[in-house]
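**Q** Have a look; sequence and predicted model below, questions after that.
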Amino acid sequence: PVFDKKNVKRGVFVANYLGEKIRHKLINLADSTTGNLQLINKDGYWLAGQDKEKEWGFMYPGREKHTFKNLFPSEWERITKEKKGHFFTQNGSFTFDTINPKEELQKMLRNEGDTLSEINVSDIQWTIVCHISDKIFYYANDKNTFILSIKKTLQTPLITISFILLSLLFSVISVLYLSGNNKIKIMATYDAMTGCLNRATGMRMLEDLIRQKNDIIICFIDINGLKEINDVLGHEQGDALILNSVKIIKENIREEDLLIRLGGDEFLICFVNMDIDQVNKTWLRVLDKIKLANEEDKPYIISLSHGIAEIKKSDRNMLDELIREADI
């Protein structure tokens, strides 16, 4: 979940480490081992290593019963209890280890204070199992040779499982850690409600453009009647007014132009290297779209006030002064 400074929930950030990447990683590493190497989730469903038609059964109708748990019920019960180890049953040899990315991530970030609280990882538990069927054991005439053969058979799965677990753990933690940092950067850069640049970031980017001696035209925008709509219709409709206004503006400006939320109902467009005629044509397109939007059945009318000011290379006034000029 993403919360603002007042601890109000604004949304949810989801990082999804693609299962297909995990599957390919497992298959590539499994080529060097004896037996059937499998990746299983906490509910006993195959994620990789089994017949592909039986993988990810929890996602597809008709595959709900295709689980390791149903195929090897007593073995699965022991695996979930012991978490790590190997044993023999009438179905063969089972070598296994369990990984919990959330626990490992918490260990990694234990000394990082608030950073940990910014990352919410859903409960994930994977088990790597190497199953060697009783049909493929190496048999010998004497007991010692038989034991040596079993040790040789198990040696590769144990090494491979350890390597795969480290590889998967590193991959998942890297993705989650980077996603957490990216989430913090996003929260510090964009307005949570509208997706526009927030005031601090937008002004910094605008100042950079001015220092680079670009021709800049700024357009100050005020959404009319927001307070009245909030008071009469409620904040839900007020938020809808803001979001619909922003949507229309975004659809009619260029990608290189900046749309900044200054606060409340006030926004600023920074047009880069456009002349005044082009800016006026852009604003006319915005007004045409507003007119069409107001023909829809909504409890409010979209109305925007605007003011325009130019920043020329030869005349670089203070930015705050220009914004005040545009707001007149």
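**A** Okay, I see it. Given the structure is predicted, the values throughout are model-derived calculations rather than measurements.
**Q** going forward, measure contacts and count neighbours with C-alpha atoms only.
**A** OK.
**Q** Look up how far Phe271 lies from Ile210.
**A** According to C-alpha to C-alpha, to the nearest Å, Ile210 and Phe271 sit 12 Å apart.
**Q** When these two are compared, which one has more neighbours?
**A** Using other C-alpha atoms under 10 Å as the criterion, Ile210 and Phe271 rank with Phe271 on top: 24 against 18.
**Q** That one: helix or strand, and which one exactly?
**A** Phe271 is part of strand 266-272, with elements assigned from DSSP states H and E.
**Q** Show me the strands paired with that strand, marking each as parallel or antiparallel.
**A** strand 216-223 (antiparallel), strand 258-263 (antiparallel) (DSSP bridges).
**Q** Compare those strands and report which one is nearest to Asn252.
**A** Nearest to Asn252 among the strands paired with strand 266-272 is strand 258-263 (11.2 Å), distances taken as C-alpha to C-alpha.
**Q** Quick one: mean pLDDT over the closest one.
**A** Mean pLDDT, strand 258-263: 91.
**Q** Which residues belonging to that strand are considered buried?
**A** Neighbour counts over strand 258-263 (16 or more other C-alpha atoms under 10 Å) mark 258-262 as buried.
**Q** quick one, helices of this structure?
**A** 19-30, 68-71, 73-82, 101-108, 114-117, 143-189, 199-211, 226-233, 235-251, 276-294, 319-327 (DSSP state H).
**Q** what residues are up against the closest residue to Val279 other than its chain neighbours?
**A** Leaving aside its sequence neighbours, Val279 sits nearest to Phe271 (C-alpha to C-alpha, 6 or more residues apart in numbering; 7.4 Å). Going by C-alpha atoms under 8 Å, 6 or more residues apart in numbering, Phe271 touches 216-219, 256-258, 279.
**Q** make it 6 Å
**A** If you count contacts by C-alpha atoms under 6 Å, 6 or more residues apart in numbering, Phe271 has them with 216-217, 257.
**Q** quick check, nearest of those residues to Trp76?
**A** Asp257 (57.4 Å).
**Q** so who does that closest one touch?
**A** By C-alpha under 6 Å, 6+ apart, the contact set of Asp257 is 270-272.
**Q** worst average pLDDT in the helices of the chain?
**A** For these, mean pLDDT drops lowest on helix 114-117, to a mean of 43.
**Q** Let's see stretch 72-84 as CSV, backbone CA atoms only.
**A** Written as CSV, here are the backbone C-alpha positions of stretch 72-84 (Å, rounded to 0.1, in the frame of the first residue of the first chain):
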residue,chain,number,x,y,z
PHE,A,72,2.7,-37.4,-3.1
PRO,A,73,0.5,-36.6,-0.1
SER,A,74,2.7,-38.2,2.7
GLU,A,75,5.9,-36.8,1.2
TRP,A,76,4.4,-33.3,0.9
GLU,A,77,3.3,-33.4,4.5
ARG,A,78,6.9,-34.2,5.6
ILE,A,79,8.4,-31.6,3.3
THR,A,80,6.1,-28.8,4.6
LYS,A,81,7.0,-29.8,8.2
GLU,A,82,10.8,-30.2,7.8
LYS,A,83,11.4,-27.4,5.3
LYS,A,84,14.8,-28.8,4.3
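**Q** residues near Ile99, how many?
**A** 19.
**Q** now do Gln212
**A** Look at Gln212: counted by other C-alpha under 10 Å, it has 10 neighbours.
**Q** So what sits opposite Ile40 in the bridge?
**A** Trp46, Thr127.
**Q** and the gap between it and Phe88?
**A** For Ile40 relative to Phe88 (C-alpha to C-alpha), the value is 19 Å.
**Q** just Arg261 next, same as before
**A** As for Arg261, its distance to Phe88 is 64 Å (criterion: C-alpha to C-alpha).
**Q** Domain parsing of this protein, as residue ranges.
**A** The record, using automatic domain parsing to delimit domains, assigns the chain the ranges 2-189, 199-327.
**Q** quick revisit: mind putting the contacts of Asp257 into CSV with pLDDT?
**A** Shown next, in CSV, are the contacts of Asp257 (pLDDT from 0 to 100):
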residue, pLDDT
Cys270, 93
Phe271, 93
Val272, 90
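**Q** Could I get those in JSON lines, plus columns for distance to Phe96?
**A** Converted to JSON lines, the contacts of Asp257 look like this (distance: C-alpha to C-alpha, whole Å):
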{"residue": "Cys270", "distance to Phe96": "58"}
{"residue": "Phe271", "distance to Phe96": "60"}
{"residue": "Val272", "distance to Phe96": "59"}
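**Q** the more surrounded of Ile40 and Phe88?
**A** Using other C-alpha under 10 Å as the criterion, Ile40 and Phe88 rank with Ile40 on top: 24 against 14.
**Q** just checking, the more buried one touches Thr127?
**A** Yes. Using C-alpha atoms under 6 Å, Ile40 is in contact with Thr127, at 5.1 Å.
**Q** mind listing what Leu292 touches?
**A** Residues near Leu292 by C-alpha under 6 Å, 6+ apart: none.
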